[in-house]
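Visitor: heads up, no residue letters with this:
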């Protein structure tokens, strides 16, 4: 049972990763754009238990580290995604008022994207990664937050449906 869930989840994340790297990285949006894999991972974590959230963060972070468009040392995205996905799953799993409200999931995912990118920049600065000027970084983080507010309501129903099929839950 666990092998089936893990296999289907891995196939799903690989498909999202391929769509992200093959299609969405080619599109240049104003204010930096968005990461489909990041949004999908945070939505998936919000629908899961904290343990599944941490595993989701590990898998998604590893894919983000291995992406051709990634800069920085290998493991940086993995560390950040484990922490953020676990945190989102933990916050949402324990609060019944958040579990039934899709708007709260979108806002949590948006806040998660902003926190993830901010932590990535701070950790990158500690590790000596060249990131650009402060106005460029702020523009990219805030722009990604704006694009996430637009994209998350479109990604959430898909992630919710796939999650419910794989984990056979009643919650959508």
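Guide: On my side now, so go ahead. Computed from a predicted structure; not experimentally measured.
Visitor: do a quick rundown of the helices in this protein.
Guide: Ranges of helices within the chain are 2-22, 36-46, 50-66, 76-94, 96-99, 102-127, 134-167, based on DSSP state H.
Visitor: and among these, the most buried is which?
Guide: helix 36-46 (a mean of 27; mean count of other C-beta atoms under 10 Å). For glycine as for every other residue, the C-beta is placed from the backbone atoms N, C-alpha and C.
Visitor: re earlier: using JSON lines, please lay out the helices of the chain together with distance to residue 29 and mean pLDDT.
Guide: Listed next are the helices of the chain as JSON lines, based on distance: least, C-beta to C-beta, whole Å; pLDDT from 0 to 100:
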{"stretch": "helix 2-22", "distance to residue 29": "13", "mean pLDDT": "91"}
{"stretch": "helix 36-46", "distance to residue 29": "12", "mean pLDDT": "94"}
{"stretch": "helix 50-66", "distance to residue 29": "18", "mean pLDDT": "93"}
{"stretch": "helix 76-94", "distance to residue 29": "21", "mean pLDDT": "91"}
{"stretch": "helix 96-99", "distance to residue 29": "29", "mean pLDDT": "62"}
{"stretch": "helix 102-127", "distance to residue 29": "14", "mean pLDDT": "92"}
{"stretch": "helix 134-167", "distance to residue 29": "6", "mean pLDDT": "92"}
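Visitor: among those helices, which is nearest residue 28?
Guide: When those are compared by C-beta to C-beta, helix 134-167 sits nearest residue 28, at 11.8 Å.
Visitor: who are the contact partners of the nearest residue to residue 142 once chain neighbours are set aside?
Guide: Nearest residue to residue 142, sequence neighbours excluded (C-beta to C-beta, 6 or more residues apart in numbering): residue 31, at 7.1 Å. Contact analysis of residue 31 by C-beta atoms under 8 Å, 6 or more residues apart in numbering lists 139, 140, 142, 143, 144, 146, 147.
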